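*Asks:* Got a predicted structure here, sequence first:
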Amino acid sequence: MNDEVFLNERIKVVTVFGDGLNPCRPLRFRRINGREIDVTEIGLRHPRAQGKRMVHIFDVTDGSADYRIELDAERLTWRLTREADHEI
């Protein structure tokens, strides 16, 4: 990610849960300003322990910007933590 903006924004996410190697797949999220982002590709996904909680981190893109969204597995809440424009 280049020209990153660090955020801590609560978001609403449309997600598909299934099985296999990627059991959780975010499809779209809505920011607090009402803007909806369609996820076109998921880059990396990895879990990280934050204290006693497990947080699942997803690096995603909509084709014009990159985002990092995080799912708190205990609280079942999503946060947008980073945003960056694509390099041209």
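*Replies:* Looks like it arrived, so ask away.

*Asks:* pLDDT averaged over stretch 55-63 - what is it?
*Replies:* The average pLDDT within stretch 55-63 is 96.

*Asks:* Name the surrounding residues that touch it.
*Replies:* Contacts to stretch 55-63, defined as CB atoms under 8 Å, 6 or more residues apart in numbering, come from residues 1, 24, 26, 37-49, 66-73, 86. Any C-beta I mention is one placed from the backbone N, CA and C, and that applies to glycine too.

*Asks:* Pull out the buried members of these.
*Replies:* The neighbour count (16 or more other CB atoms under 10 Å) marks 1, 26, 37, 39, 42, 45, 66-71 as buried among these.

*Asks:* where's the residue most central in space within the chain relative to Asp85, distance?
*Replies:* Nearest residue to the geometric centre of the chain (CA atoms, centre = their mean): Ile69, 2.1 Å. Ile69 sits 17 Å away from Asp85, going by CB to CB, to the nearest Å.

*Asks:* before we move on, back to that, in CSV: the buried ones among the contacts of stretch 55-63, plus distance to Gly18.
*Replies:* As requested, the buried ones among the contacts of stretch 55-63 are exported to CSV (distance: CB to CB, whole Å):
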residue, distance to Gly18
Met1, 27
Pro26, 13
Ile37, 21
Val39, 15
Ile42, 13
Arg45, 14
Asp66, 24
Tyr67, 22
Arg68, 22
Ile69, 18
Glu70, 20
Leu71, 15
